[in-house]
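Colleague: Have a look at this prediction, sequence included:
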Amino acid sequence: MTDSAPTIKIDLPPLRDSGPRRARTLMIQGTASDVGKSMLVAGLCRAYARRGLVVRPFKAQNMSNNAAVTTDTDAAPGPDGEQPRGEIGRAQALQARACGVAPSIHMNPVLLKPQSNVGSQVVLRGRALGNCPARVYHEMRQGLMPAVLDSFERLCAEADLVLVEGAGSGAEVYLRDCDITNMHFAERAEVPVVVLGDLDKGGTMASLVGTWLLLDEADRERVVGYIVNKFRGDFSLFEPACETITEITGWPFRGVLRWFEGAGRLPAEDSLALERPAETSGGVLNVAIPRLSRVANFDDMDPLAAEPSVNLRWIQPGEAIPAETDVVILPGSKATRADLDCLRREGWDVDIIAHVRRGGRVVGLCAGYQMLGRVVRDPQGIEGEPGETPGLGLLDIETEIGGDKRLIEIDGHDQRSGCRLTGYEMHMGRTAGAGLERPWLMLDDGQGGVRAEGAISADGRVMGGYVHGIFSGDTFRAHWLDQVGAQAARIDFEARIEAALDALADHCEANLDLDALLTLAR
């Protein structure tokens, strides 16, 4: 894709003829981004699933570099017969988990993965179409509506209830004609809407009344009520505001969802969460992660943050990597070369080299692994302008961005340590070089053999690989922590997420009238 009007041909399957819709549907729209839509939908998914309903989440378009691998895709098998995987936003993958089902490309048919300030990679039903400037995507997205509606109807055919999440604010009326994820979608799909306001941000009354003022009459009538989220304190003090909101808008007040203390135990949707990080303290191992400009799949760090022995800190732009750091982790990125420039602009490259000279350790995950090499090349301009960028030179490898995106789930063992290892790969780069002769991991290849993954320096202090989610495996995380001088607690990380989802569902049950909300779904 280029800066001109798109000429790419989008091949869509025939619309599914599923007959009468089986599922009830309800949409949660917000007054702004980050008001808690994803969290509320996840909680409702778990709560209604526990009641015995077949529930599915849906978000027509998501913008996030936190993605998850799905087992289904519209892509044809490769020349070797291998069935490729798809990808969706991690928030919808968490919501699928709350429903007790595997994530599907139809839960998030359009995923935008920002690569610059003005453009994103466009992923349609699990397949990357290419990079697209924002104004070009603005022109082309109505052409994606048939795929969006088809995916939605597929979910409606298999579920009792489909919970739909809007994107950003539903009151961006200047975008309505080309909207595929808020009010235009709600109209086309005939979905009732509940508007969610965020009391923690302030201005809740103005944002809800302002939303009503901006919507046309038909969209106002599609709204069946509003919910106030993230409340702390005595709600009786805010009740007069709700009376005023209802008096002006005519929208019924559907409840208040108080602040959920367990939110930090669930993966965050996007990097907005990193702008207000909750640092951990009291441990013996100091881990620092540079907050890259295009950071991706940063929930790789959540299992380490859960360990009491680990002090984990995201280093913000303008800050230096502390000298007392034991381990620097370079996370994933949607634009490796751009974030190498970010490292150098912030002076973090100097900090990392000095850290290694002092005997410190460095771990690179996916793009972070590529950055540890000698050079990253992008001759086709897949992530930005064509060219090459010197890496940090800490591993004897070179990477070229290109080829088909590798999307694969990993569930096996690290043959070197014997530990069970789970995770996934999601990248377009191909890495070569002498450093691969010392692989970091030896993984099951799924066919009874093993395959080498990643690279490790001769002194064993610098290592990297393409596996995301590597620290989620309890035994592997304990093994790695032991290697770097810390001790793992007895944490079952996957059970921890399940417990957090159950607690979120309990929170929704305690704060909202779920019977009434289900009655609103139609």
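Modeller: Received the coordinates, thanks.
Colleague: which SS state does residue 287 fall under?
Modeller: At residue 287 the chain is in strand, as set by DSSP: H, G, I helix; E, B strand; the rest coil.
Colleague: nearest spatial neighbour of the residue positioned nearest the centre of the chain, skipping sequence neighbours?
Modeller: In the chain, the C-alpha nearest the mean C-alpha coordinate belongs to residue 66, at 2.8 Å (C-alpha atoms, centre = their mean). Residue nearest to residue 66 in three dimensions, not counting chain neighbours: residue 90, with 4.2 Å by C-beta to C-beta, 6 or more residues apart in numbering. Where you see a C-beta, it was placed from the backbone N, CA and C, and this is true even at glycine.
Colleague: confidence score at the one you found?
Modeller: Per-residue pLDDT puts residue 90 at 93.
Colleague: cool, and residue 264?
Modeller: Note on residue 264: pLDDT of 84.
Colleague: That one - that's part of a helix, no?
Modeller: Yes. Residue 264: assigned to a helix according to three-state DSSP.
Colleague: How much space separates it from residue 287?
Modeller: 17 Å (C-beta to C-beta, to the nearest Å).
Colleague: Also residue 259?
Modeller: 28 Å.
Colleague: quick one: which of the two has more around it?
Modeller: Between residue 259 and residue 287, residue 287 has the larger neighbour count (other C-beta atoms under 10 Å), namely 24 against 14.
Colleague: re earlier: how far away is the residue nearest to the centre of the chain from residue 290?
Modeller: 17 Å.
Colleague: that older thread, surely the residue nearest to the centre of the chain meets residue 301?
Modeller: No. Residue 66 is beyond contact range of residue 301, at 11.6 Å (criterion: C-beta atoms under 8 Å).
Colleague: which residues of the stretch 201-350 of the chain fall in helices?
Modeller: 204-214, 217-222, 239-249, 302-305, 336-346, 348-357 (DSSP state H, counting those that start in this stretch).
Colleague: quick one: which of those is nearest residue 72?
Modeller: The closest of the helices of the stretch 201-350 of the chain to residue 72 is helix 302-305. By C-beta to C-beta, the value is 25.3 Å.
Colleague: From the rest of the structure, what touches that closest one?
Modeller: 267, 280, 287, 310, 312, 471, 472, 477, 491, 493 (C-beta atoms under 8 Å, 6 or more residues apart in numbering).
Colleague: Tabulate the residues you listed in JSON lines, adding columns for pLDDT.
Modeller: Listed next are the contacts of helix 302-305 as JSON lines, based on pLDDT from 0 to 100:
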{"residue": "267", "pLDDT": "85"}
{"residue": "280", "pLDDT": "65"}
{"residue": "287", "pLDDT": "98"}
{"residue": "310", "pLDDT": "97"}
{"residue": "312", "pLDDT": "96"}
{"residue": "471", "pLDDT": "96"}
{"residue": "472", "pLDDT": "94"}
{"residue": "477", "pLDDT": "96"}
{"residue": "491", "pLDDT": "93"}
{"residue": "493", "pLDDT": "95"}
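Colleague: And the residues you listed, which is closest to residue 321?
Modeller: Set against residue 321, the nearest of the contacts of helix 302-305 by C-beta to C-beta is residue 287 (10.8 Å).
Colleague: do you know how far that closest one is from residue 347?
Modeller: With distances taken as C-beta to C-beta, residue 287 is found 19 Å from residue 347.
Colleague: residues in contact with residue 183?
Modeller: Residue 183 makes contact with 29, 170, 176, 193, 215, 219, 222 under the criterion C-beta under 8 Å, 6+ apart.
Colleague: Let's see if you can find the most crowded of the residues you listed.
Modeller: Ranking those using other C-beta under 10 Å puts residue 170 first, with 31 neighbours.
Colleague: For residue 191, see how far away that one is.
Modeller: Residue 170 sits 12 Å away from residue 191, going by C-beta to C-beta.
Colleague: Next: residue 181.
Modeller: Noted for residue 181: a distance of 11 Å to residue 191, by C-beta to C-beta.
Colleague: Which parts of the protein belong to which domain?
Modeller: Under automatic domain parsing, the residue ranges defining each domain of the chain are 24-264, 279-491.
Colleague: Which secondary structure elements does the biggest helix by length in the chain sit against?
Modeller: When the chain is parsed with DSSP state H, its longest helix is helix 493-511. Applying 3 or more C-beta pairs under 8 Å, 6 or more residues apart in numbering; DSSP states H and E, one finds that helix 493-511 contacts helix 37-50, helix 90-99, strand 253-258.
Colleague: Run the angle between the second one and helix 493-511 for me.
Modeller: This points to helix 90-99. Here helix 90-99 runs at an angle of 80 degrees relative to helix 493-511 (axes from the mean of the first three to the mean of the last three C-alpha atoms, to 10 degrees).
Colleague: got the angle for helix 90-99 vs helix 37-50?
Modeller: On the basis of the same axes, to 10 degrees, helix 90-99 is oriented at 20 degrees to helix 37-50.
Colleague: neighbouring contacts of helix 90-99?
Modeller: For helix 90-99, using C-beta under 8 Å, 6+ apart, the contacting residues are 38, 41-43, 45-46, 49, 55-59, 62, 64, 66-68, 70, 102-104, 107-108, 163, 165, 266-267, 269, 297, 299, 497, 501, 504-505.
Colleague: Any buried residues in it, and which?
Modeller: Across helix 90-99, burial judged by 16 or more other C-beta atoms under 10 Å covers 90, 91, 92, 93, 94, 95, 96, 97, 98, 99.
Colleague: so how far is residue 57 from the third one?
Modeller: Going back to what we said before, that points to residue 92. 5 Å.
Colleague: list residues touching both of these two?
Modeller: Joint contacts of residue 92 and residue 57 (C-beta under 8 Å, 6+ apart) are 107, 165.
Colleague: Turn the contacts of residue 183 into TSV, including distance to residue 406 and pLDDT.
Modeller: Output for these, formatted as TSV (distance: C-beta to C-beta, whole Å; pLDDT from 0 to 100):
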residue	distance to residue 406	pLDDT
29	35	98
170	36	93
176	38	90
193	38	98
215	43	97
219	42	97
222	42	98
